[in-house]
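[1] got a predicted structure plus its sequence, pasted below:
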Amino acid sequence: MDDIEPLSYLTSTLERIANGYPQSRLDELLSEPFKRNVKIC
């Protein structure tokens, strides 16, 4: 999880799952795709 702040990653991932993120796309929430697709302020 280089270059990812763990608390932000976990918070964002859990919020997405809680808000109904599609099960077929859960692999997008892994750390590598997360780094490419999410900008954390």
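    Received, thanks. Numbers count the residues shown, from 1 in each chain.

[2] quick one: low-confidence ranges for the chain?
    Along the chain, segments meeting pLDDT under 70 span 1-2, 33-41.

[3] one more time with 50, if that's ok
    41 (pLDDT under 50).

[4] where along it do the strands fall?
    For the chain, no strands turn up when DSSP state E is the criterion.

[5] could you pull out the helices for it?
    Per DSSP state H, the chain carries helices over the ranges 6-18, 31-37.

[6] buried stuff in the first one?
    What that stands for is helix 6-18. By neighbour count on 16 or more other CB atoms under 10 Å, the buried set for helix 6-18 is 9, 12-13, 16. The way it works is simple: take the backbone N, C-alpha and C, and place the C-beta from them, glycine included.

[7] wait, Leu29 sits on Ile17?
    Yes: between Leu29 and Ile17 there is a contact under CB atoms under 8 Å: 7.5 Å.

[8] rewinding a little: so which of the buried residues of helix 6-18 is the closest to Ser24?
    In terms of CB to CB, no member of the buried residues of helix 6-18 lies closer to Ser24 than Arg16, at 13.5 Å.

[9] so can I have CSV of the helices of the chain showing distance to Ser24?
    Output for the helices of the chain, formatted as CSV (distance: least, CB to CB, whole Å):
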stretch, distance to Ser24
helix 6-18, 13
helix 31-37, 14
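
[10] returning to that earlier point: tell me which two of the buried residues of helix 6-18 sit farthest apart.
    Spatial extent of the buried residues of helix 6-18 (CB to CB) is set by the pair Tyr9 and Arg16 at 11.0 Å.

[11] relative to Ile4, how far out is the most far-flung residue of the chain relative to its centre?
    Seen from the C-alpha centroid of the chain, the residue lying at the greatest distance (CA atoms, centre = their mean) is Ser24, 14.4 Å away. According to CB to CB, to the nearest Å, Ser24 stands 23 Å off from Ile4.

[12] same thing with Glu15?
    Look at Glu15 and Ile4: by CB to CB, they are 15 Å apart.

[13] one more: Gln23?
    Counting by CB to CB - Gln23 and Ile4 are separated by 23 Å.

[14] please apply the same query to Asp27.
    Relative to Ile4, and taking CB to CB, Asp27 is found at 16 Å.
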